[in-house]
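Engineer: After the sequence you'll find the predicted model.
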Amino acid sequence: MNGHFAAIGNGPTAKQYDHGIQVIDEDKSFNTNLNDYLTETHVAESGFNYHLISVFGSQSTGKSTLLNHLFGTQFSVMSETERRQTTKGIWLSKNKRDSANGSPMADNILVMDVEGTDGRERGEDQDFERKSALFALATSEVLIVNIWEHQVGLYQGANMGLLKTVFEVNLQLFLKDRQSQTRSLLFFVIRDFVGNTPLENLRTTLITDLSKIWSSISKPQGLEDSKIEDYFDFAFSALPHKIYQPEKFLAEVDKLGARFTTGHRSTKDQEFVGGVFLPEYHRRIPADGLSVYAGGVWDQIVNNKDLDLPTQQELLAQFRCDEIAREVLVGFDTVIAPLEEQQSEAIRLGKPTAVLADLGAHGAGAREKCIKAFETQASRYHKGVYTMKRGELESKIDTRLKALYQAQLTAAHKAGVAAFSEAVSGAVKAGQKAGGSYEFAEIVEKQKAKTLQVFKKEAQSLSIPGVAWSNFKPQYRLFEKELDEVSARLRKEEMRRLAIRVERWVRSRLGDAIGLEFNKLGSGRGGSVTPEGAEKPATEKDLWDRVWDAFMGIVKEAETRFADRAKSFEASPEEVEVGLWRLRRKSWVALREKIEEEVMESNILMKLRENFEDKFRYDEDGVPRIWRPTDDIEGIYTKARESTLGLVPLLSRFRLSETYAPPDLPGFIGVQPAGVEPEDEEDLLPIGGIDEEEGKSLEEETTVLSESKRQDLVVRFKKMADGVYVEAKRSAIGGITQ
Ligand code: GDP
Ligand code: MG
């Protein structure tokens with residue numbers, strides 16, 4: 001902390017600033033509390049709407065007295081009785097007056113009282129004089145040069161030395177900053193003006209002297225021909241003796257005060273219109289950066305470095321833009337951080353489908369507010385730096401928003417997919433409950449549109465106009481693609497359900513139809529065996545033709561049912577093809593199983609027995625035989641037995657009567673289409689020798705009874721027939737004994 005304030009010792013308060021603030025103290029150190037002072041006096045918030053004035057002049061020429069009257073400040077004034085040298089340094093105070101001589105003064109006038117400038121008067125070194133002149137020129141719009149009337153024309157006088165210094169340092173500054181072409185106003189205030197010499201004459205004398213000084217200084221290369229008017233404007237004012245003419249003095253000071261207002265140059269004759277503050281004098285340092293800028297400038301000056309104002313302005317811009325960015329990010333953070341927290345909390349809790357409400361509005365609002373606030377404050381600084389820092393800020397904000405939005409859309413995506421499959425499954429279940437009359441494709445279409453709409457709304461709400469990364473069309477398309485995948489999966493399930501229903505139907509129909517055909521075997525209908533020996537009945541010979549016909553008929557009907565239904569939920573032709581192939585293949589499996597059931601030993605033996613008994617016990621008219629001892633029981637028995645035994649080879653193989661070959665099962669089932677997933681069902685392997693290793697051959701598939709089973713069956717049947725025969729014999733004998 002600066003020594004001046006350390007002495008007071010209880011931190012900056014409004015009271016402390018009654019006398020303004022000592023910007024540079026006697027030890028040449030800069031007071032970093034300047035910004036506090038500017039904040040306290042509400043200058044910091046004024047942007048460019050402030051003005052800086054410095055006063056120069058020999059010691060004890062009434063400078064502080066003048067400033068205090070002009071601006072209501074309280075710079076310390078040398079006591080008239082003590083006449084003690086005031087301390088060196090630069091004091092700054094804000095104008096405390098609103099108006100002068102009845103007219104308003106400019107807003108936020110900051111006045112710098114540069115003390116102890118004129119070192120040569122006291123035989124001191126001119127180091128401070130030079131440094132404070134540089135400092136004042138780098139910051140001030142108006143330099144008041146305070147001068148006694150009797151000093152005017154004294155070309156060798158002390159004031160002229162001071163002015164020479166001012167001109168030299170100005171050229172030094174200008175060398176580094178040719179672009180900005182900042183001008184300054186040298187405002188000569190002539191004190192103890194008697195009035196004998198008109199002000200106009202004094203003015204001419206002063207300008208002549210100034211030109212002489214200008215030509216006497218050595219100019220840097222390239223600026224040899226420059227004129228004093230290239231850098232400075234001049235204004236003049238004269239004040240009466242304060243002690244001798246106190247009232248007149250005050251009145252004139254008041255009139256002078258009225259000139260501290262804004263003005264401009266007339267376009268016609270370039271004459272000043274209005275007050276002394278011309279826009280071209282302003283250093284364009286935003287008020288909230290003035291302290292940092294002044295500090296930087298002073299640091300360069302005090303360390304005898306080349307004062308490079310453009311560089312200082314860039315450094316200031318970097319510093320302030322960073323500072324402003326930090327400030328505006330705080331506001332952004334208060335909105336965004338809780339949302340980020342909520343989001344990661346949801347993921348932590350295993351709720352990946354949690355979608356934050358109104359995220360788009362909150363995000364865009366915080367973004368806009370943050371960038372606007374930055375723009376308002378930071379755009380006053382160096383354009384290049386500002387643009388770069390704004391870009392940095394935007395990318396900082398956008399990185400966070402982007403992460404937030406991406407996660408939001410991921411959640412919306414997951415939530416949407418879950419809602420979609422749930423809604424479709426729910427509608428299907430409800431449809432099944434209500435009797436199965438639902439349209440799967442319609443359900444899918446309706447739910448898809450609904451779910452897409454929800455996602456679209458979210459994606460659109462996150463989109464920020466003119467911000468490329470916030471266009472979430474790719475995410476939308478990804479979402480739609482996933483819904484289609486889910487639909488395809490659900491449709492496949494639906495197809496499976498349909499296939500199961502149709503297969504069940506096939507099984508049931510086959511059960512009836514095939515059972516019926518096999519039952520016919522038992523009845524031996526169509527003719528019995530005559531003692532002369534009748535031909536084998538047609539019903540037995542074409543058993544397999546009828547089985548095959550029934551099978552094909554049932555499967556064809558099932559195929560129609562399946563295809564119609566599958567089409568209604570918009571299965572693709574490929575999916576339908578696969579489904580139909582599976583249906584035919586599985587129907588064959590069902591048929592095989594039904595046949596196997598029919599030829600199970602107990603079943604087939606019973607049928608053979610019935611077949612045999614039908615032929616043995618009934619005559620050709622279907623009348624039961626009453627055996628008499630005279631009957632050729634043995635002959636009838638042998639014929640009936642052989643006739644029934646003739647069925648065994650017939651039953652053993654699935655052969656069509658016409659060709660005595662197996663039916664064209666591979667042709668009927670067809671070539672296995674691509675897209676069948678055989679991993680789940682072994683019985684979906686193709687039939688008919690495409691790969692003998694994997695699938696069964698057609699021969700195997702159409703073999704109903706193996707050789708050993710066949711022999712076994714013959715043996716058992718014969719035993720059974722023998723029993724019947726013995727019983728018949730007995731009953732014939734018994735009939736006689738009766
Ligand atoms: P500074 O050192 O230039 O700031 O001068 P000060 O304002 O401290 O005043 C120095 C002395 O000059 C004080 O004793 C004042 O009373 C006196 N003084 C102030 N104004 C005038 C003036 O207009 N004429 C004369 N002759 N003396 C003045
Ligand atoms: Mg003073």
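Structural biologist: Cool, got the structure. Ligands and ions are numbered 1, 2, ... in the order given.

Engineer: can you pull the alpha-carbon coordinates of the helix or strand containing V297 into PDB?
Structural biologist: Secondary structure from DSSP states H and E places V297 in helix 290-302. In PDB, the C-alpha atoms belonging to helix 290-302 read as follows (Å, rounded to 0.1, in the frame of the first residue of the first chain):
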ATOM      1  CA  LEU A 290      -7.400   4.000 -16.400                       C
ATOM      2  CA  SER A 291      -5.800   2.900 -13.200                       C
ATOM      3  CA  VAL A 292      -4.000  -0.100 -14.800                       C
ATOM      4  CA  TYR A 293      -3.000   1.900 -17.800                       C
ATOM      5  CA  ALA A 294      -1.700   4.800 -15.800                       C
ATOM      6  CA  GLY A 295       0.200   2.300 -13.600                       C
ATOM      7  CA  GLY A 296       1.800   0.600 -16.600                       C
ATOM      8  CA  VAL A 297       2.700   3.900 -18.200                       C
ATOM      9  CA  TRP A 298       4.300   5.200 -15.000                       C
ATOM     10  CA  ASP A 299       6.200   1.900 -14.600                       C
ATOM     11  CA  GLN A 300       7.700   2.400 -18.000                       C
ATOM     12  CA  ILE A 301       8.500   6.000 -17.300                       C
ATOM     13  CA  VAL A 302      10.000   5.500 -13.900                       C
END
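
Engineer: Buried ones in it, by neighbour count?
Structural biologist: By 16 or more other Cβ atoms under 10 Å, the buried positions in helix 290-302 come out as L290, S291, V292, Y293, A294, G295, G296, V297, W298, Q300, I301, V302. For the C-beta atoms, the positions are set from N, CA and C on the backbone; glycine is no exception.

Engineer: go on, stretch 30-48?
Structural biologist: Buried residues in stretch 30-48, counted by 16+ other Cβ under 10 Å: 30-31, 33-41, 43-44, 46.

Engineer: Now secondary structure and distance to ligand 1 too, for those residues, in TSV please.
Structural biologist: Converted to TSV, those look like this (DSSP: H, G, I helix; E, B strand; the rest coil; distance: Cβ to the nearest ligand atom, whole Å):
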residue	secondary structure	distance to ligand 1
F30	strand	22
N31	coil	20
N33	coil	23
L34	helix	21
N35	helix	26
D36	helix	25
Y37	helix	21
L38	helix	23
T39	helix	27
E40	helix	24
T41	coil	22
V43	coil	23
A44	helix	27
S46	helix	27
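
Engineer: Quick one: mean pLDDT for the following helix or strand past the helix holding V297?
Structural biologist: Using DSSP H and E, the helix or strand that follows helix 290-302 in sequence is helix 309-348. Mean per-residue pLDDT for helix 309-348: 94.

Engineer: elements contacting the very next helix or strand once past helix 309-348?
Structural biologist: The helix or strand immediately downstream of helix 309-348 is helix 359-378, counting by DSSP H and E. Applying 3 or more Cβ pairs under 8 Å, 6 or more residues apart in numbering; DSSP states H and E, we find helix 359-378 packed against helix 309-348, helix 383-433, helix 440-462.

Engineer: got the buried residues for helix 359-378?
Structural biologist: Within helix 359-378, the residues that count as buried by 16+ other Cβ under 10 Å are 359-360, 362-364, 366-367, 370-371, 373-374, 377-378.

Engineer: residues in contact with it?
Structural biologist: With Cβ atoms under 8 Å, 6 or more residues apart in numbering as the test, helix 359-378 has contacts from 286, 288, 317, 320-321, 324-325, 327-329, 331-332, 335-336, 339, 386, 389-390, 393-394, 397-398, 401, 404-405, 408, 458, 460-464.

Engineer: that older thread, the helix holding V297 relative to helix 309-348, how many degrees between them?
Structural biologist: With axes from the mean of the first three to the mean of the last three Cα atoms, to 10 degrees defining the directions, helix 290-302 sits at 130 degrees from helix 309-348.

Engineer: can you list contacts of helix 290-302?
Structural biologist: Here helix 290-302 makes contact (Cβ under 8 Å, 6+ apart) with 23-24, 28-30, 32, 34-35, 38, 43-44, 50, 131, 134-135, 138-139, 285, 306-309, 312-313, 315-316, 319-320.

Engineer: Of those residues, which count as buried by neighbour count?
Structural biologist: When these are checked for burial by 16+ other Cβ under 10 Å, the buried set is 23-24, 28, 30, 34-35, 38, 43-44, 50, 131, 134-135, 138-139, 285, 307-309, 312-313, 315-316, 319-320.

Engineer: related to what we said a few turns ago, make CSV out of the buried residues of helix 359-378 and add pLDDT.
Structural biologist: CSV is the format used below for the buried residues of helix 359-378 (pLDDT from 0 to 100):
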residue, pLDDT
L359, 95
G360, 95
H362, 95
G363, 96
A364, 95
A366, 96
R367, 97
C370, 97
I371, 96
A373, 96
F374, 97
Q377, 92
A378, 95
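
Engineer: and of these, the nearest to L516?
Structural biologist: Checking the buried residues of helix 359-378 against L516 by Cβ to Cβ gives L359 as the nearest, at 69.0 Å.

Engineer: and the residue of the stretch 201-350 of the chain found nearest ligand 1, which of the three is it?
Structural biologist: At 3.2 Å from ligand 1, K242 is the closest residue in the stretch 201-350 of the chain, using Cβ to the nearest ligand atom. Of the three states, K242 takes coil under DSSP: H, G, I helix; E, B strand; the rest coil.

Engineer: The residue nearest to it when sequence neighbours are not counted sits in which helix or strand?
Structural biologist: Among residues not flanking K242 along the chain, F249 sits closest, at 4.5 Å (Cβ to Cβ, 6 or more residues apart in numbering). In this structure, F249 sits in helix 246-257 according to DSSP H and E.

Engineer: again, but for V189
Structural biologist: Assigning secondary structure by DSSP H and E places V189 in strand 184-191.

Engineer: Remind me what that strand packs against, helices and strands.
Structural biologist: Counting by 3+ Cβ pairs under 8 Å, 6+ apart, the packing neighbours recorded for strand 184-191 are strand 142-148, helix 199-216, strand 232-238.

Engineer: Comparing the ones you listed, which comes out most buried?
Structural biologist: Greatest average neighbour count among those goes to strand 142-148 (a mean of 24), per mean count of other Cβ atoms under 10 Å.

Engineer: and it with helix 199-216, angle?
Structural biologist: If you take the same axes, to 10 degrees, strand 142-148 sits at 110 degrees to helix 199-216.

Engineer: ok, L256 touching F236?
Structural biologist: No: applying Cβ atoms under 8 Å as the test, L256 and F236 come out as separate, 10.8 Å apart.

Engineer: number of nearby residues for V578?
Structural biologist: Residues within reach of V578, counting by other Cβ atoms under 10 Å, total 22.

Engineer: Tell me which helix or strand comes right after the helix or strand bottoming out on mean pLDDT in the chain.
Structural biologist: Here the helix or strand of the chain ranked lowest by mean pLDDT, DSSP states H and E is helix 3-8, holding a mean of 36. Downstream of helix 3-8, the next assigned helix or strand under DSSP H and E is strand 21-24.
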